[in-house]
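[1] Below are the sequence and a predicted model; questions follow.
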Amino acid sequence: MSSEDQENEREQVHALAVTDITDITVKHKLNRRWTLWFDSQQKRATQSNWHDALKNLITFDTVEDFWGVYNNVIKASGLSAGSNFHLFQAGIEPMWEDPQNEKGGKWVAQVTKARASELDTLWLNTILSVIGENFEDAEEILGAVVSVRRQGNRLGLWTKSFDDGEKCIRVGTEWKKALGYAPEEMIGFQAHSDAISHNSSFANKERHSV
């Protein structure tokens, strides 16, 4: 091989290497920015001290950064009883009173003892559906919550509104499918206005169920 051919080959290898490195460093943008929150309440909290315990962990807006976060925080199954992870659109706090939330509600899925070992998978499938905007009415989805409790773990999917019953039920049906729940495993929808009236996160009547 002549010196000229060798030089051409080196240039080709260098160009290929640079191209590969560039491809590796490209990040894939999500349509929205998302913030992961955490709180842990070992006893019944007032609204004031609950908010004080709420911690903003990190905000991300790419697929790669999501996986970096997910792979470096404790899994849902490792949380202590009374703890919650909240994944919400950036700029929205995971509380009923936030202006973006107050006219909405949440779908609630109980994680039964029979499904206890699936908590991490159920949470991951939920948040992937949320950040990937896999819902027909993706603009309705504000965030998701996983709550670890001694009496039974729960997942929540928060929506912007509940006045359009057809749209609300469509969201719930799609989420139930993403969870892989059987037809007899019902999930219910609660309005935040009811939660505010009763000062209770879960002891509220169901406006819808699927």
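    Structure's in. What do you need?
[2] Could you check stretch 107-127 and say which residues are buried?
    Residues of stretch 107-127 classed as buried: 107, 108, 109, 111, 115, 119, 122, 123, 125, 126, 127 (neighbour count, 16 or more other CB atoms under 10 Å). C-betas here are computed from N, CA, C, even on glycine.
[3] how near is the second one to residue 136?
    This means residue 108. Noted for residue 108: a distance of 20 Å to residue 136, by CB to CB, to the nearest Å.
[4] Please apply the same query to the fifth one.
    Residue 115 sits 26 Å away from residue 136 when distances are taken as CB to CB.
[5] cool, the last one as well?
    Using CB to CB, residue 127 is found at 18 Å from residue 136.
[6] now the helices for this protein?
    For the chain, the helices defined by DSSP state H cover 3-25, 47-53, 63-70, 119-131, 165-179, 192-198.
[7] could the buried residues of stretch 107-127 be laid out in JSON lines, adding pLDDT?
    Below are the buried residues of stretch 107-127 laid out as JSON lines (pLDDT from 0 to 100):
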{"residue": "107", "pLDDT": "97"}
{"residue": "108", "pLDDT": "97"}
{"residue": "109", "pLDDT": "97"}
{"residue": "111", "pLDDT": "95"}
{"residue": "115", "pLDDT": "91"}
{"residue": "119", "pLDDT": "97"}
{"residue": "122", "pLDDT": "98"}
{"residue": "123", "pLDDT": "98"}
{"residue": "125", "pLDDT": "98"}
{"residue": "126", "pLDDT": "98"}
{"residue": "127", "pLDDT": "98"}
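[8] Any idea what the nearest residue to residue 142 once chain neighbours are set aside is bridged to?
    Once flanking residues are discounted, residue 142 sits nearest to residue 158: 4.7 Å by CB to CB, 6 or more residues apart in numbering. When bridges are taken as DSSP bridges, the partners of residue 158 come out as residue 106, residue 143.
[9] swap in residue 60?
    Residue 60 has these beta-bridge partners by DSSP bridges: residue 34.
[10] quick one: contacts for it?
    Contact partners of residue 60, counting by CB atoms under 8 Å, 6 or more residues apart in numbering, are 30, 33, 34, 36, 66, 68, 69.
[11] neighbour-wise, which of these leads?
    Within the contacts of residue 60, most neighbours by other CB atoms under 10 Å means residue 34, with 22 neighbours.
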